[in-house]
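[1] structure here, sequence nowhere to be found:
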Ligand code: NAD
C-alpha cells in the first residue's frame, strides 16, 4: 500500500478519501528530525501551512511522488526542489477565499471599533464607554494590495459597507478592476489615499517587506492596516515603530514573520489586534481544502 503521511490537521472527510488509496499515517507537531525520518518512505505528503517542506525534507523523501497542500499558499514548500525531483504539488486555491475575506472584514471592524480591547475591559469588570470610540467603515477608502481571489471577495464585502475601493495589482487588467468598480493605483498612491489597507498577495522574494518604513511613512495618521496574507509582507520592525509612535492608527494581523510569534513586540501594543493564522480556519474551508486536495492526490496516484 502507498504510504500517505499527513503532518498537519486535516478534515476527516479528506482522510476518508485518502484511506481509499493508501495507508494514512497522521503525525502532527513533528520536530524537523522526526519529519525527516517519517518522510523517508512516504509516497504522499499532505500538509497545511504548519509543516515546512524544505529542500532537505524533499531530498530525504526517497519515494515521494505527490505533496498535497490543503490550502492556498505554497510558500512553505520548496517548489524548485520538488520540481527537480519530479514531485507533483497540488493545492486548493479556491477553498478558503471566502473564509479569509470574512476574517479580513472581521478584523477591519474589530480594529475600527476596538472590539477586542473593549471585550477585555468588560471582562475585567469595567464599564468604560469613553476609551473605545471608533470609526466607521462607511465612506472610507480601502486599499487592497493584491486583487486576486481573496482580494476580490474582500472588495465585494467592503463595497456592501459603502467603502470606496482602490487596489494595487500590476497583474490584473484594468478592465477587470473597472468591471468590479475598483480603481487601480500604484502602491505609493494606495498608501497615501487609503484609510484601511489590506494585503492579499503571495509571499515571494518580490513581495517580501513590500510594506516597509517608506510605505508606512506615506500612510494617513488614521490608517488601519490589516494582514491576512503572510507576515513577511510587512517589515514588522517598521510597523512596530509606526504603531508605537501612533504614526498610524492600528494594525490587525492574522499572520506574522515568525509563527508562532516569539516575544514579538507588536503583541505588546494596545493598537495591535490579531488572530493566530485563522484565515482558513473554518469548518467550510477546511473541509473543502482537504477534500479537494485528497481528490487530486487520488487522481495522481491512479495515474
Ligand atoms: P491569488 O493568487 O488569487 O491572488 C494574489 C494576487 O496578488 C494576484 O492577483 C496577483 O496578481 C497579485 N500579486 C502578485 N504579486 C504581486 C505584487 N508584487 N504586487 C501586487 N500584487 C501582486 O491568491 P489568493 O487566493 O487571493 O491568496 C492571497 C494570499 O493569501 C495567498 O498567497 C496566501 O499567502 C494568503 N492566504 C492566507 C490565509 C490565512 O490563513 N491567513 C489563507 C489563504 C491564503
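    Nice, thanks for sending it over. No experiment lies behind these values; they were computed from the predicted model shown.

[2] what parts of the stretch 51-200 of the chain come near the ligand?
    71-73, 93, 96-97, 100, 145-151, 168-172, 200 (C-beta under 6 Å from any ligand atom). For the C-beta atoms, the positions are set from N, CA and C on the backbone; glycine is no exception.

[3] surely residue 197 forms part of a strand?
    Yes - when the secondary structure is assigned by DSSP: H, G, I helix; E, B strand; the rest coil, residue 197 falls within a strand.

[4] for it, give me its contacts.
    With contact taken as C-beta atoms under 8 Å, 6 or more residues apart in numbering, residue 197 is in contact with 142-143, 145, 190-191, 211, 219, 223-226.

[5] okay, it: pLDDT?
    pLDDT, the model's per-residue confidence, is 99 for residue 197.

[6] how much space separates residue 22 from residue 95?
    Here the distance between residue 22 and residue 95 works out to 22 Å (C-beta to C-beta, to the nearest Å).

[7] out of these two, which sits in the busier spot?
    For residue 22 and residue 95, the more surrounded residue by other C-beta atoms under 10 Å is residue 95, and the numbers stand at 22 against 18.

[8] and the pLDDT at the more buried one?
    According to the model's per-residue confidence, residue 95 sits at a pLDDT of 96.

[9] check residue 80 too.
    At residue 80, the pLDDT value in this model is 96.

[10] cool, residue 133 as well?
    Residue 133 carries a pLDDT value of 97.

[11] and for residue 1?
    Residue-level pLDDT assigned to residue 1 equals 88.

[12] now it, nearest residue through space, not along the chain?
    With C-beta to C-beta, 6 or more residues apart in numbering as the measure, residue 23 is the residue that lies nearest to residue 1, at 4.5 Å, once sequence neighbours are left out.

[13] kindly report the same for residue 223.
    Closest residue to residue 223 apart from its sequence neighbours, by C-beta to C-beta, 6+ apart: residue 248 at 4.4 Å.

[14] tell me the SS of the residue in the stretch 201-303 of the chain that the ligand sits nearest to?
    Per C-beta to the nearest ligand atom, residue 279 is where the stretch 201-303 of the chain lies closest to the ligand, at 2.4 Å. Using three-state DSSP as the criterion, the local structure at residue 279 reads coil.
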